[in-house]
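Chemist: Any chance you could fold what I've pasted below:
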Amino acid sequence: MKMENTKKIKKIKRLRFVILISLLFMIGMLLVPTNFIARYNDLTLLLICIAVVFLIIIEIISLSEKGGILIEIIDVTAVVFPSYLFFLVLAYFFVFVSIIDGSSMEPNFHDKQFVLVSRFNVSYERFDVVQVNVTKERTSYYNDDFFLKRIIGLPGEIIEYKNDQLYVDGIIVTETFEKGITSNFKFGDVCKIKETSCDVIPEDYYFVLGDNRQKSTDSRVIGLIHKDDLFGEIIYVI
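Modeler: Numbering: from 1, shown residues only. Got it, this is the predicted structure:
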């Protein structure tokens, strides 16, 4: 009888393990606090280290001969906590899921769409779609948020629009994606970098625009974006 009860308990634990893992893989990345990771990078790494130590302590306790409710709590924690830690590490170093807020990237991206954002070994190029960190500490913008925008200008370039046509260093560059009409402007009118001159886009800065040009808060409003505030490249629409 005791052996049968032991087998039944093991089956229940295995089933619980499978259910918990399945649920966590379905919603885990959506539970990762993207804003937290972006704004408190050093603290995030510290929490990951603390979590690893905590997991070691849990394993030591679970190997002890003590039973009862403590072991049951540890069993669940040993599944849920490492899984969430996995998604935290995954989002911090590799990829995460983000939700589009607003219509500034229409018609190519839409409000409430889910996108997969890559943070691993990203080399930003013209026309890449990126997630931009525009917190109050970073820009003069009035709200803390993460914008989805498209890179138009690279370091060392001069950007200008005339008659809805992009000019890079005085040469016409064709935009091969759907977009709204872009009003005329010169680079010096939208540079807004106090630390340096605005003859060209400074090193480590980028000029970004939304595809919905008439309804987009982008570099024409918030100025150039530093590379540290490019929080990953969009690689897939879910």
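
Chemist: So Glu175 sits against Val168, correct?
Modeler: No - shown here, Glu175 and Val168 do not form a contact pair, counting by C-beta atoms under 8 Å, at 10.8 Å. (Each C-beta comes from the backbone N, C-alpha and C, glycine too.)

Chemist: burial count for the nearest residue to Ile99 once chain neighbours are set aside?
Modeler: Leaving aside its chain neighbours, Ile99 sits nearest to Phe114 (5.9 Å; criterion: C-beta to C-beta, 6 or more residues apart in numbering). Here the neighbour count serves as a burial measure; for Phe114 (other C-beta atoms under 10 Å) it reads 13.

Chemist: my guess is Phe114 contacts Leu148, does it?
Modeler: No - applying C-beta under 8 Å, one finds Phe114 not in contact with Leu148, separated by 11.6 Å.

Chemist: gap between the residue nearest to Ile99 and Phe94?
Modeler: To Phe94, Phe114 is 17 Å away according to C-beta to C-beta, to the nearest Å.

Chemist: can you give me the end-to-end distance of stretch 172-187?
Modeler: 15 Å (C-alpha to C-alpha, to the nearest Å).

Chemist: buried stuff in that stretch?
Modeler: For stretch 172-187, the buried set under the neighbour-count rule, 16 or more other C-beta atoms under 10 Å, comprises Val173, Glu175, Lys179, Gly180, Thr182, Phe187.

Chemist: Show only the entries of those found in helices.
Modeler: Taking DSSP state H, the ones among those that sit in helices are Phe187.

Chemist: from the buried residues of stretch 172-187, which two are the most distant?
Modeler: Between all members of those, the longest pairwise span (C-beta to C-beta) is found for Gly180 and Phe187 and amounts to 19.8 Å.

Chemist: tell me which of the buried residues of stretch 172-187 is nearest to Phe231?
Modeler: Sorting these by distance to Phe231 puts Lys179 at the head of the list, at 22.3 Å, by C-beta to C-beta.

Chemist: if I pick that closest one, what's in contact with it?
Modeler: With contact set as C-beta atoms under 8 Å, 6 or more residues apart in numbering, Lys179 has these partners: Asp211, Asn212, Arg213.

Chemist: swap the cut-off to 10 Å and go again
Modeler: Lys179 makes contact with 105-108, 150, 164, 166, 209-213, 216 under the criterion C-beta atoms under 10 Å, 6 or more residues apart in numbering.

Chemist: and if you look at Leu166?
Modeler: Taking C-beta under 10 Å, 6+ apart, we find Leu166 in contact with Arg126, Ile152, Gly153, Ile159, Glu160, Ile172, Val173, Thr174, Glu175, Lys179, Thr182, Leu209.

Chemist: Look up which residues are beta-bridged to it.
Modeler: Tyr161, Val173 (DSSP bridges).

Chemist: still on that earlier bit, overlap in contacts, Phe114 and Leu148.
Modeler: Ser98, Ile99, Ile100.

Chemist: my read: the last one touches Gln113, true?
Modeler: Yes - distance between Ile100 and Gln113: 4.7 Å, which falls inside the contact criterion (C-beta atoms under 10 Å).
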